[in-house]
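J.: Starting from these lines, generate the structure:
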Amino acid sequence: MNYNFLKTSDQETITTLLSQGYKLLQKDGDVATFLNDNTLRFDDKNYKVQYSNILTF
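T.: From the prediction side, this is the model:
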């Protein structure tokens with residue numbers, strides 16, 4: 001399944017995703033939501049990332 005968004009509350013993961021070009025859509029408290037650009041790749045085994053198709057503001 002193709003997910004449109006990535007969510008994480010891990011600060012190191014947020015920094016890594018930003019440095020790899022992921023677009024930050026929203027930061028609500030500790031949770032950051034990124035646009036999942038399928039052209040970008042990272043090893044998600046090392047990151048605390050939740051995939052989602054739901055975006056709420």
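
J.: Which pLDDT value goes with Thr39?
T.: With respect to pLDDT, Thr39 has a value of 68.

J.: can you check Ile14 too?
T.: 93.

J.: Whichever helix or strand it is part of packs against which elements?
T.: In the assignment (DSSP states H and E), Ile14 maps to helix 11-19. Counting by 3 or more Cβ pairs under 8 Å, 6 or more residues apart in numbering; DSSP states H and E, the packing neighbours recorded for helix 11-19 are strand 5-8, strand 24-28, strand 31-35. C-beta: built from backbone N, CA, C; applies to glycine.

J.: and that helix with strand 31-35, angle?
T.: Note on geometry: by axes from the mean of the first three to the mean of the last three Cα atoms, to 10 degrees, helix 11-19 and strand 31-35 are set 20 degrees apart in direction.

J.: what about helix 11-19, distance to the chain center?
T.: Here the centre of helix 11-19 is set off from its chain's centre by 9 Å, with Cα atoms, centre = their mean, to the nearest Å.

J.: For Ala32, which residues are in contact?
T.: Contacts for Ala32 (Cβ atoms under 8 Å, 6 or more residues apart in numbering) come out as Lys7, Thr8, Ser9, Ile14, Leu17, Leu24, Gln26.
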